[in-house]
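S.K.: Sequence first, predicted coordinates after that:
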Amino acid sequence: MNLLAKTYLYVLFLVVCVFLLWTLHTLTFAENAIQRLEVWLFVPSWTGDAVGASVRHEVGLPFMLAGWAGVGCGICFLAWRLPARIRRSAATQRELRALRREVLKLRTLPLRQREEDEQLAREAQLALGRGTVLADLDDAGAREELGR
């Protein structure tokens, strides 16, 4: 793992620790435990008379902070997984490009094979020379006599 990724993970870990310590510190005070907050939510209406209605809820501060802490931890977890996902995605794309190159190479194999066969046949014809059949037979007969 390179230095940038390590730094990213260490800073993220530090932010999560500070966030959790702040949440625990805020939740432990007795005066905060009895505080209630008023939350207004807009709820759409399906009857068609009005667009929607506002609903009022009273929520205790510890529950509100616990919810935000859960959301914050979830976001930090996703941010912690981000470098691994980027690395895995890059590796997958490299493998996919290599497989596409191989498939393209295999698709053109019959065409290339025919061209290579024709080239080998031309080279073989050049190696034999331009002699006649009778001259080749005479040369072969003379070689046999010398070989005896």
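M.R.: Sure, I can see it.
S.K.: make it CA atoms for all contacts and neighbour counts henceforth
M.R.: Noted.
S.K.: who are the neighbours of the biggest helix by length in the chain, in terms of helices and strands?
M.R.: Counting residues, the longest helix in the chain under DSSP state H turns out to be helix 61-107. Judged by 3 or more C-alpha pairs under 8 Å, 6 or more residues apart in numbering; DSSP states H and E, helix 61-107 is in contact with helix 3-28, helix 30-33.
S.K.: Poorly predicted segments of this protein, please.
M.R.: 1, 29-33, 48, 111-112, 126-148 (pLDDT under 70).
S.K.: Show me this structure divided up by domain.
M.R.: 3-107, 117-148 (automatic domain parsing).
S.K.: picking that back up, check the helices and strands packed on helix 61-107 for me and report the most buried one.
M.R.: Comparing the helices and strands packed on helix 61-107 by mean neighbour count (mean count of other C-alpha atoms under 10 Å), helix 3-28 comes out on top with a mean of 13.
S.K.: Compute the inter-axis angle for that one and helix 61-107.
M.R.: Counting by axes from the mean of the first three to the mean of the last three C-alpha atoms, to 10 degrees, helix 3-28 lies at 160 degrees to helix 61-107.
S.K.: Give the other helices and strands that helix 3-28 contacts.
M.R.: helix 61-107.
S.K.: chain center to the helix it packs on, what's the gap?
M.R.: Taking C-alpha atoms, centre = their mean, to the nearest Å, one finds helix 61-107 lying 7 Å from the centre of the chain it belongs to.
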